[in-house]
Every structure is written in structure tokens, then in C-alpha cells.
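Colleague: turn this into a structure:
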Amino acid sequence: MIYLDYQATTPLAPEAFSAMEPWLKTGFANPHSMHAAGRAAAAAVEVARDRIAALLPPGGRVIFTSGATEAINLAIMGTGLPVSAAATEHAAVLDCVKHLGGNILPIDLRWGGGSCLATDGGASSILGQVVSSSPPPLDLVERSPSPSQVDGEELLAIMLINNEIGTIQPIADLAAAAHAQNKLFLCDAVQAFGRMPIPDGPDMIAISAHKIYGPKGIGALWVRDGVSLAPQMLGGGQEQGMRSGTLSPALCAGFGAAAKLAAERMETDAEHVSALWDRALAAFADWTINGATNERYKGNLNIRREGIDAGRLISECRNIAFSAGSACASGSGRPSHVLRAIGLTDAQAKSSIRLGFGRYTTAAEIDIAAEAINRAAEAML
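Modeller: Sure, this is the predicted structure:
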């Protein structure tokens with residue numbers, strides 16, 4: 001099996017597995033217990049927290065969660081504020097936006113090709129009309145990048161690297177614009193954490209371990225000092241009073257080891273992924289790229305070809321793991337909401353595939369996969 005679905009999840013790094021193993025075997029004590037074994041487990045948790053924090057802006061705290069979805073829910077629900085989000089956000093953000101009641105609060109930003117418009121009569125606005133050719137140019141009010149911003153009238157949520165098309169947004173500028181309008185800013189950095197430096201500016205940042213070669217079942221929310229949240233899980237308040245439940249030292253240790261490795265390998269990994277991107281582009285010359293090509297994480301190649309059925313193509317290429325978009329929406333039968341938001345038709349969205357590669361992908365695997373996918377695609381035309 002050739003694995004090209006790195007946006008859905010990444011292989012567990014051997015270093016992360018090794019860091020987890022002792023806490024699964026003998027270091028099983030509850031990290032919230034006061035005896036020696038519990039204190040040792042708690043120390044391992046704090047080492048991991050420090051390693052993760054080293055990849056995030058200064059002046060904030062890391063709150064462990066079960067994953068990025070819980071982190072996003074804690075951020076959005078915990079502020080108690082009306083929330084706006086781009087139409088290209090992950091479902092974890094959009095479903096929270098749709099769930100909340102209240103007034104529509106338009107925001108003063110412009111994306112190339114159209115306005116950020118509130119599209120429903122419910123609570124929180126969902127921003128529409130984004131373009132695939134470039135990151136969004138900004139029509140900003142006078143900037144006031146206030147790092148001490150702790151209270152706001154609204155919450156704005158925009159991700160750093162899009163999970164479906166890999167485009168990179170100017171998060172520092174967007175956060176500054178939000179602060180100038182007395183808004184707090186939430187950044188879904190799941191696809192960016194460990195792959196690129198995380199810009200300062202957001203008030204909250206959601207991350208996940210299994211996207212950076214760590215274990216599934218753990219993520220974190222970084223919260224800027226001074227930002228207050230209401231806990232969404234009650235029952236003991238073990239994690240800084242913000243998240244009840246017993247932490248897993250093994251999962252924390254694996255996350256921390258993966259973060260440490262990502263920090264050490266960030267430049268090397270980026271060079272490797274860039275070389276694979278160039279190779280893949282040449283191999284898929286007959287396909288059209290979805291999304292920006294410049295401001296983009298190059299481990300994500302989202303492409304389309306007229307006349308192709310992505311679902312059938314995935315079925316035909318059984319020895320290659322790739323996708324038609326977000327794993328969270330797989331099986332729904334609906335075209336990708338991200339591809340529709342950037343202006344593609346339903347037919348174009350359904351003829352699109354996403355290839356994700358990373359640290360453990362080889363050039364030979366790109367060549368073999370491209371040959372098989374192209375051959376299967378040609379048979380459909």
C-alpha cells in the first residue's frame with residue numbers, strides 16, 4: 001500500500017512510539033495522583049506540554065484535549081461570543097457556527113473575488129466567495145495589533161493551512177484586523193503545526209498530534225494569556241480547570257516527542273515535501289490544480305480532471321491511499337464544501353482528488369502512484 005493521505009492522518013513516528021511505550025507498560029499511574037508514581041506521570045505530561053509550546057507563540061498556555069475538534073469546540077463555545085468563520089473552514093468550526101444562535105455579525109474583510117458575506121439568517125456568519133488563485137487580499141481597517149487583547153465582541157475563526165487544498169492564509173494580518181474591530185481570533189493550525197512556524201497574532205490556536213506523526217486521541221488548544229474560557233467538560237477540572245478527565249501520560253508523551261521531532265526536522269521535512277511536490281506536478285501534468293500554488297503547503301496536491309469520478313478512481317486504485325477531500329466528510333456523497341466555496345461546480349468538485357505526502361513518502365512511491373492513477377483516469381475518459 002502506498003499511503004498518500006497525509007492530511008487525514010500521518011504515520012506514527014518511531015520516536016513517538018518509543019516515548020509512549022514506557023507509559024503504556026509500567027508508567028500507568030494517574031498523573032493527577034499525589035504519590036510518587038503519579039508525580040512521575042505528571043512530570044512527563046509537563047515535559048510534553050513544554051515541547052508543544054515551543055512550536056507556538058510566546059505568552060500563552062497549552063490545554064490538552066482529545067483532539068483538535070474538542071479544542072475548537074472549547075474555543076468557540078468557551079468564549080460565549082458570536083462567531084464568524086470562512087466557508088472553507090473544517091466542519092469542526094462550521095458545525096459550531098451553525099449550532100450557535102444569535103445575530104449575524106458581518107466582518108470587515110475582503111477576499112479576492114467577493115465579499116465576506118453572512119449567508120444565513122441564524123447566528124453566526126459564514127464567509128463565502130473565496131478564490132483559488134491566491135490568498136485573500138485584505139481590505140483592512142486601520143490595524144491595531146494588540147497582543148494584550150483579551151476581550152472581544154465577536155470571535156473570528158480562520159485556519160492557517162486549509163486541510164483540503166493546502167492554501168496558506170495570512171493569519172497574522174487577519175488577526176490584527178480582527179483585533180482592530182474588537183474581535184478575538186481563533187486559528188485552526190492543525191495542518192500547519194510542526195510543518196511551518198506558527199505566526200503570532202491569534203488568541204487561540206487548535207492543534208492535533210496525529211497530523212504531526214504523533215498518536216490519535218490527543219490535541220491541544222493554545223490560549224493567549226488573559227483570554228478567559230468557560231469549561232465545556234465538567235467533572236474534576238484536571239486540566240487547568242478547563243477540561244475534566246484523566247490525562248493519558250502516554251498520549252501526551254507521544255505528542256511531545258512528535259513536536260520535538262517536528263521542530264528538529266521542520267526545514268528538512270519542508271525540503272523533502274517540496275521535492276515530492278515538484279515530482280508530482282510533473283507526473284500529473286494533465287490535471288488542474290485546485291487552490292493557490294504559491295501560498296500553499298506543498299505536501300497537499302489537490303487536482304481535478306474533467307470526466308473523472310473521484311470515488312470510482314479511488315476504488316480502482318486499491319493499493320494507493322488517497323482521497324477526494326476531508327476524511328470527515330467521506331461517504332457523504334456531497335461535493336467538497338471547500339471546492340464549492342472556491343467556485344468549482346459540483347461536477348468539478350467530484351472530479352477532484354487530494355494527494356497528501358510527507359516525511360516518509362518516497363519519490364518512487366510518487367512515481368508508482370501517479371502511473372496507476374493516470375492509467376485508471378485515462379480508462380474513464
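
Colleague: strands of the protein, residue ranges please.
Modeller: Along the chain, the segments classed as strands by DSSP state E run 2-3, 60-65, 83-86, 110-111, 114-115, 126-127, 154-157, 183-188, 204-208, 219-224, 288-289, 300-304, 320-321, 352-356.

Colleague: deepest of these, which one?
Modeller: Greatest average neighbour count among these goes to strand 204-208 (a mean of 29), per mean count of other CB atoms under 10 Å. (Glycine included, C-beta is placed from N, CA and C.)

Colleague: can you name the residues in contact with that one?
Modeller: Identification of contacts with strand 204-208 by CB atoms under 8 Å, 6 or more residues apart in numbering yields 52, 56-57, 60, 67-68, 71-72, 75, 184-190, 193, 198, 218-224, 227.

Colleague: the same query, at a cut-off of 6 Å, please.
Modeller: 67-68, 71-72, 75, 186-190, 193, 219-223 (CB atoms under 6 Å, 6 or more residues apart in numbering).

Colleague: relative to Asn319, how far out is Leu184?
Modeller: 46 Å (CB to CB, to the nearest Å).

Colleague: brain fart, Gly356
Modeller: From Gly356 across to Asn319, the span is 16 Å (CB to CB).

Colleague: cool, and Glu267?
Modeller: Counting by CB to CB - Glu267 and Asn319 are separated by 32 Å.

Colleague: any idea which residue sits dead centre in the chain?
Modeller: Val190 (2.6 Å; CA atoms, centre = their mean).

Colleague: how about the contacts made by that residue?
Modeller: So Val190 contacts 68, 208, 211 (CB under 6 Å, 6+ apart).

Colleague: next: Leu4.
Modeller: Shown in contact with Leu4 (CB under 6 Å, 6+ apart): 322, 355-357, 369.

Colleague: for this structure, name the helix or strand with the lowest mean pLDDT.
Modeller: Within the chain, no helix or strand scores below strand 114-115, which has a mean of 28 by mean pLDDT, DSSP states H and E.

Colleague: domain assignment for the chain?
Modeller: Annotated domains of the chain cover 2-9+266-380, 14-261 [automatic domain parsing].

Colleague: and those domains, which one's lowest on average pLDDT?
Modeller: For the domains of the chain, mean pLDDT drops lowest on domain 14-261, to a mean of 83.

Colleague: just the terminal-to-terminal distance for it.
Modeller: 10 Å (CA to CA, to the nearest Å).

Colleague: need the residues that contact stretch 33-53.
Modeller: 27, 29-31, 62, 247, 249, 252-253, 255-256, 259-260.

Colleague: inside helices: which ones of those residues?
Modeller: 249, 252-253, 255-256, 259-260 (DSSP state H).

Colleague: name the member of the residues you listed with the most neighbours.
Modeller: Phe255 (32 neighbours; other CB atoms under 10 Å).

Colleague: ok so, going back, specify which member of the contacts of strand 204-208 is nearest to His337.
Modeller: Using CB to CB, the shortest approach to His337 within those belongs to Asp188, at 14.6 Å.

Colleague: show me what contacts the closest one?
Modeller: 90, 159, 206.

Colleague: can you convert the residues you listed into CSV and add a column each for distance to Leu12?
Modeller: Shown next, in CSV, are the contacts of Asp188 (distance: CB to CB, whole Å):
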residue, distance to Leu12
His90, 22
Met159, 24
Ala206, 21
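
Colleague: now, which of those residues sits nearest Leu276?
Modeller: Among the contacts of Asp188, and counting by CB to CB, the member closest to Leu276 is Met159, at 22.6 Å.

Colleague: what ranges do the helices span in the protein?
Modeller: 14-25, 36-53, 68-79, 91-99, 171-180, 249-283, 310-316, 337-341, 346-350, 363-380.

Colleague: looking at these, spot the one closest to Asn302.
Modeller: Per CB to CB, nearest to Asn302 of the helices of the chain: helix 337-341, 7.9 Å.

Colleague: please point out which parts of stretch 189-206 sit buried.
Modeller: Residues of stretch 189-206 classed as buried: 189-196, 198-206 (neighbour count, 16 or more other CB atoms under 10 Å).

Colleague: again with stretch 359-368
Modeller: 359, 361, 365-366.

Colleague: quick one: which of the helices of the chain is nearest Gly299?
Modeller: helix 249-283 (4.3 Å).

Colleague: quick one: that closest one to helix 14-25, angle?
Modeller: Orientation of helix 249-283 against helix 14-25 (axes from the mean of the first three to the mean of the last three CA atoms, to 10 degrees) gives an angle of 160 degrees.

Colleague: name the helices or strands packed onto helix 249-283?
Modeller: helix 14-25, helix 36-53, helix 363-380 (3 or more CB pairs under 6 Å, 6 or more residues apart in numbering; DSSP states H and E).

Colleague: let's have these in JSON lines, adding distance to Trp287.
Modeller: Converted to JSON lines, the helices and strands packed on helix 249-283 look like this (distance: least, CB to CB, whole Å):
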{"stretch": "helix 14-25", "distance to Trp287": "34"}
{"stretch": "helix 36-53", "distance to Trp287": "37"}
{"stretch": "helix 363-380", "distance to Trp287": "8"}
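
Colleague: for Glu239, find the nearest of those.
Modeller: Using CB to CB, the helices and strands packed on helix 249-283 put helix 36-53 closest to Glu239, at 9.4 Å.

Colleague: out of the helices of the chain, flag the one nearest Glu164.
Modeller: helix 337-341 (4.2 Å).

Colleague: elements contacting the closest one?
Modeller: Using 3+ CB pairs under 6 Å, 6+ apart: helix 337-341 touches no other helix or strand.

Colleague: try it again at 8 Å.
Modeller: The contact analysis (3 or more CB pairs under 8 Å, 6 or more residues apart in numbering; DSSP states H and E) places helix 337-341 against helix 346-350.

Colleague: for the helix it packs on, buried residues please.
Modeller: So, applying 16+ other CB under 10 Å, buried residues of helix 346-350: 348-350.

Colleague: for Pro22, state which of the residues you listed is nearest.
Modeller: Ala349 (46.2 Å).
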